[in-house]
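Chemist: kindly generate the corresponding structure for this input.
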Amino acid sequence: MNRFSIATFNVNSIRSRLHIVIPWLDKQGVRFLCMQETKVADEAFPVEAFEKIGYHVAFAGEKKYNGVAVASRDAPVSVSFGFDDGEPPDKDRLIRAVYDGVTVLNIYVPQGRDREHQMFDYKLNWFKRLIKYLDRHASPEEPLICCGDLNVAREDIDVHDPKRLLGHVDFTPEVWDCFDRLMAWGLNDVFRKHHPGAGGNFTFYDYRVPTALERGLGWRIDHILATRPLSDCSTGSHIDLEPRKMEKPSDHTILVAEFEV
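Modeler: Reported below is the predicted structural model:
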């Protein structure tokens, strides 16, 4: 049997979070670490820090905004960035990396700002483009993991105060519909498979909310989704809160899933 694990982490600046990422990765030894909001131009990405602990890293980004990266134990067979549909490619929001036995799609979905803002429509369209991208480049019958910061909390138990937060760009029916359509393509929520009905499991704790982590005021907007050939073989998933407790943390923390295929 082949056992491996994958993690996703919105680092909110990789250079500001290296003191968390590198020791965690070196200790945990996951096969893949997908990162979002790396906020660094490609020429300044800290490649050597990953290579020093035995990881390959593929990345695309720009200074101060967005950015995605995948660190992996084994070198990818192929890597591509962004959409290929004639619209803005958003290369710093999507990486598709093919490895032996699995394809990893690391995404950073636009947050949407406000429901009345044009970026909210861009977010909804982004999901539609993602599904069409999957239609062109993947199959639900093949082993694929789609993970990252999806900026969607799908269920009431995925937010700390569903009544008050209803209508937020990450917690609203329009976005739920997009998420459901993505899942209907052929993906399964690996964390929810192993923790059905369990509330209080969050991956994001807003900097602007005082003592959000200590008070449990979070959101589950980071996800690891997998096609059935992998989701059926998933053996566990958990949220590691320790990175959020460290000095100068990201506002997100790390989500992990394990597989045995």
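Chemist: which residue ranges of the protein form strands?
Modeler: 3-10, 32-36, 56-62, 65-72, 78-81, 94-99, 102-108, 144-149, 188-189, 222-226, 234-240, 254-260 (DSSP state E).
Chemist: just checking: what are the partner strands of the second one?
Modeler: If I follow you right, that is strand 32-36. Looking at strand 32-36 with DSSP bridges, its partner strands are strand 3-10 (parallel), strand 65-72 (antiparallel).
Chemist: Pro249 is nearest to which of the ones you listed?
Modeler: strand 3-10 (10.7 Å; C-beta to C-beta). Just so you know, the C-beta spots here come from the backbone N, C-alpha and C atoms, and that holds for glycine as well.
Chemist: which positions within that closest one qualify as buried?
Modeler: Phe4, Ser5, Ile6, Ala7, Thr8, Phe9, Asn10 (16 or more other C-beta atoms under 10 Å).
Chemist: any regions of the stretch 101-250 of the chain where pLDDT drops low?
Modeler: Scanning the stretch 101-250 of the chain for pLDDT under 70 picks out no residues.
Chemist: can you pull out the helices in it?
Modeler: 118-137, 162-165, 173-186, 190-194, 212-215, 228-231, 242-245 (DSSP state H, counting those that start in this stretch).
Chemist: let me have those in TSV, extended by mean neighbour count.
Modeler: TSV is the format used below for these (neighbours: other C-beta atoms under 10 Å):
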stretch	mean neighbour count
helix 118-137	16
helix 162-165	12
helix 173-186	16
helix 190-194	20
helix 212-215	14
helix 228-231	20
helix 242-245	15
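Chemist: export these as JSON lines, with columns for distance to Gly101.
Modeler: Output for those, formatted as JSON lines (distance: least, C-beta to C-beta, whole Å):
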{"stretch": "helix 118-137", "distance to Gly101": "17"}
{"stretch": "helix 162-165", "distance to Gly101": "38"}
{"stretch": "helix 173-186", "distance to Gly101": "18"}
{"stretch": "helix 190-194", "distance to Gly101": "17"}
{"stretch": "helix 212-215", "distance to Gly101": "36"}
{"stretch": "helix 228-231", "distance to Gly101": "10"}
{"stretch": "helix 242-245", "distance to Gly101": "28"}
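Chemist: quick one, which of the strands of the chain is packed in tightest?
Modeler: Most buried of those by mean neighbour count (mean count of other C-beta atoms under 10 Å) is strand 32-36; its value is a mean of 28.
Chemist: distance between that strand and the chain's centre?
Modeler: With C-alpha atoms, centre = their mean, to the nearest Å as the basis, strand 32-36 stands 7 Å off its chain's centre.
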